[in-house]
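S.K.: what follows is a predicted structure for the sequence shown.
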Amino acid sequence: MFNFKKKYGQNFLTDKNLLSAIVKDAEIDKDDFVVEIGAGAGALTCELSKHAKKVVAFEIDNDLKEILSSLKLENVTFRFEDFMKVDLKEFVEPFKVVANLPYYITTPIIFKLLEESDNLLSLTVMVQKEVAERMVADINGDYGVLSVMLKFYGEAKITRIVKRNMFFPEPNVDSAVVTIKIEKKYDVDRQAFYKFVKTAFSMRRKTLFNNLALTYSKEKLKQTFDEDFLRRRAESLTIDEFVEAYKKILG
Ligand code: SAM
């Protein structure tokens, strides 16, 4: 008898139509190598196994070993590891990520995937609805570091809203599926750019001048940008303006 562990964000899916729709959203076909994070009882893994060339599915909870091994999926490798500790450089061929993510580490997993791998083709993830809204947000409102960084890599889209009663056990909030195809649109160092964006958003209520002064000297900021720009807040800058500002100060 399996006991669900809240600490691992174990809210499983069973609805076949929904699972098949998620795989469709991800545009998986027989040439694709798919990485899944959080296999759970393997419901999504089974659907992925039918459509992909091969699947590597990570699961942190060893208590799921028996259930997952009994599935006998030929093109699937289950790895009982903490995904946060995996070195993504080991994936030398292009891969797509499809996952119903554990809610307690959604954002760290997304940033890890974006930052650490050059071979990520696309991301299709089930996340809490409010996180999905932040992921796709345009300037102001829910717009933050996560929204800017996703725009840096492509265009995130919500493909479906999933009501809480589709999960077992039922969580307290609704979820959504977000997809993003990775296009390397901007020719700048992604890690340095990420640092710059984080600095600009350090304190939401403060101006760019106050936030950027945490890292750059006030003289340098005044020499590089005009006053109107420095009086703005990070949440008002489009991705193109962020890249342009980054290039000005670091270029
Ligand atoms: N894919 C299954 C489904 O859709 O029914 C389960 C999804 S459930 C939301 C998330 C799964 O991620 C859980 O099985 C949990 O044990 C696993 N998990 C949590 N943290 C993890 C980590 N750091 N590395 C790998 N798996 C993790």
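M.R.: Happy to help now that I have it.
S.K.: from here on, just use CA atoms for contacts and neighbour counts.
M.R.: OK.
S.K.: residues of stretch 24-38 that come out buried?
M.R.: With burial defined by 16 or more other C-alpha atoms under 10 Å, the residues of stretch 24-38 counted as buried are Asp25, Ala26, Ile28, Asp32, Phe33, Val34, Val35, Glu36, Ile37, Gly38.
S.K.: endpoints of that stretch, how far apart?
M.R.: Criterion C-alpha to C-alpha, to the nearest Å; first-to-last residue distance in stretch 24-38 is 19 Å.
S.K.: residues in contact with it?
M.R.: Stretch 24-38 has contacts (C-alpha atoms under 8 Å, 6 or more residues apart in numbering) with 45, 48, 51-60, 83, 94-102, 122-124, 159, 179.
S.K.: next step: the residues you listed restricted to helices.
M.R.: If you go by DSSP state H, the contacts of stretch 24-38 have Thr45, Leu48, His51 in helices.
S.K.: from the ligand, how far off is the second one?
M.R.: As defined by C-alpha to the nearest ligand atom, to the nearest Å, Leu48 lies at a distance of 11 Å from the ligand.
S.K.: the first one too?
M.R.: With the distance defined as C-alpha to the nearest ligand atom, Thr45 ends up 7 Å from the ligand.
S.K.: residue contacts, that residue?
M.R.: Glu36, Ala39, Val55, Ala57, Val76.
S.K.: I only care about the contacts of stretch 24-38 that end up buried; give me the ChimeraX line for that.
M.R.: Of the contacts of stretch 24-38, the buried ones can be selected in ChimeraX as follows, counting by 16+ other C-alpha under 10 Å:
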select :45,48,51,52,53,54,55,56,57,58,59,60,83,95,96,97,98,99,100,101,102,122,123,124,159,179
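S.K.: what's the pLDDT at the nearest residue in space to Asn62 that is not next to it in sequence?
M.R.: Spatially, and ignoring its direct neighbours in sequence, Asn62 is nearest to Phe80 (6.3 Å; C-alpha to C-alpha, 6 or more residues apart in numbering). With respect to pLDDT, Phe80 scores 98.
S.K.: what residues does the chain put near the ligand?
M.R.: 8-13, 37-44, 58-61, 81-84, 100-102 (C-alpha under 6 Å from any ligand atom).
S.K.: strands - which of those residues land there?
M.R.: Within those, residues falling in strands by DSSP state E are Phe12, Leu13, Ile37, Phe58, Asn100.
S.K.: tell me which other helices or strands the top strand by length along the chain touches.
M.R.: Identified as the longest strand of the chain according to DSSP E is strand 120-128. With contacts defined as 3 or more C-alpha pairs under 8 Å, 6 or more residues apart in numbering; DSSP states H and E, the packing partners of strand 120-128 are strand 95-100, helix 106-116, strand 175-181.
S.K.: from the chain's centroid, how far away is it?
M.R.: When distances are taken as C-alpha atoms, centre = their mean, to the nearest Å, strand 120-128 is centred 6 Å away from the chain's centroid.
S.K.: ok, and what's touching that strand?
M.R.: Residues outside strand 120-128 that contact it (C-alpha under 8 Å, 6+ apart) are 22, 25-26, 94-103, 106, 113-114, 173-182.
S.K.: can you rerun that using 6 Å?
M.R.: Here strand 120-128 makes contact (C-alpha atoms under 6 Å, 6 or more residues apart in numbering) with 26, 94-101, 175-182.
S.K.: compute the inter-axis angle for that strand and strand 175-181.
M.R.: 170 degrees (axes from the mean of the first three to the mean of the last three C-alpha atoms, to 10 degrees).
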